[in-house]
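Participant: here you go, sequence then predicted model.
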Amino acid sequence: MKLHTELLLLSLLATSSLGACASAPGLPDGRPIGEPIEAQEIVAFSVVDADPEPFFERVVLVEASVTAVCPNAGCWMQVEDDGRTAMVKWETGCGGKYLFPVELTGKRVVVQGSFYPKTLSEDEVEHLEIEAGRPLEIEREGYEFNASAILVLD
């Protein structure tokens, strides 16, 4: 009887350990917009912005606050985290499948997207500021941040 109980306990421990190793990290509660979001580690935007090259050309989940959204077509939003800002565009482009709702301004989001090296021209910056209706703090040198999905956090 003792051997049977020990085998049963070992079996239960092994099964629960396997389940824990096989599970992916979960996502926080929120409203998704865009493509399906693949659960993985969420990185603070300030961490990515401090050293973006390791994040280039791969899909990452980044958490930040929305500070501005394109009021015309919802094709871009500006995010901020710990004093660092970036422009985020839909990977499908302006007028694509998805839009960033204007009411996201002030909300916390998780962005699923990719970073690519890029330099913004003065014309591109001027266009973004005209759409926003105000001057924006935009880095001209660095990267482009393209979203495939966002999760508006509760």
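Facilitator: The structure has been received and is ready for your questions.

Participant: can you name the residues bridging to the residue nearest the centre of the chain?
Facilitator: Geometric centre of the chain, nearest residue: residue 111, 1.6 Å, by C-alpha atoms, centre = their mean. Listed by DSSP bridges, the beta-bridge partners for residue 111 are residue 62, residue 150.

Participant: list the contacts for it?
Facilitator: 61, 62, 63, 64, 79, 88, 145, 147, 149, 150 (C-beta atoms under 8 Å, 6 or more residues apart in numbering). C-beta: built from backbone N, CA, C; applies to glycine.

Participant: go on, residue 139?
Facilitator: With C-beta under 8 Å, 6+ apart, residue 139 has these contacts: 85, 86, 120.

Participant: where does it land in three-state SS?
Facilitator: For residue 139, the assignment made with DSSP: H, G, I helix; E, B strand; the rest coil gives coil.

Participant: from residue 145, how far off is it?
Facilitator: According to C-beta to C-beta, to the nearest Å, residue 139 stands 11 Å off from residue 145.

Participant: overlap in contacts of those two?
Facilitator: residue 86.

Participant: residue 130 should be in a helix, yeah?
Facilitator: Yes. Remark: residue 130 belongs to a helix, assigned using three-state DSSP.

Participant: and the closest residue in space to residue 61 that isn't next to it in sequence, how far is that from residue 30?
Facilitator: Nearest residue to residue 61 in three dimensions, chain neighbours excluded: residue 42, at 4.5 Å (C-beta to C-beta, 6 or more residues apart in numbering). Residue 42 sits 11 Å away from residue 30, going by C-beta to C-beta.

Participant: and for those two, which residues touch both?
Facilitator: residue 110.

Participant: pLDDT of the host helix or strand of residue 147, averaged?
Facilitator: Assigned by DSSP states H and E, residue 147 belongs to strand 141-153. For strand 141-153, mean pLDDT rounds to 91.

Participant: list the contacts of that strand.
Facilitator: In this structure, residues lying in contact with strand 141-153 by C-beta under 8 Å, 6+ apart are 27-37, 52, 56, 59, 62-63, 79, 86-91, 100, 104, 107-120.
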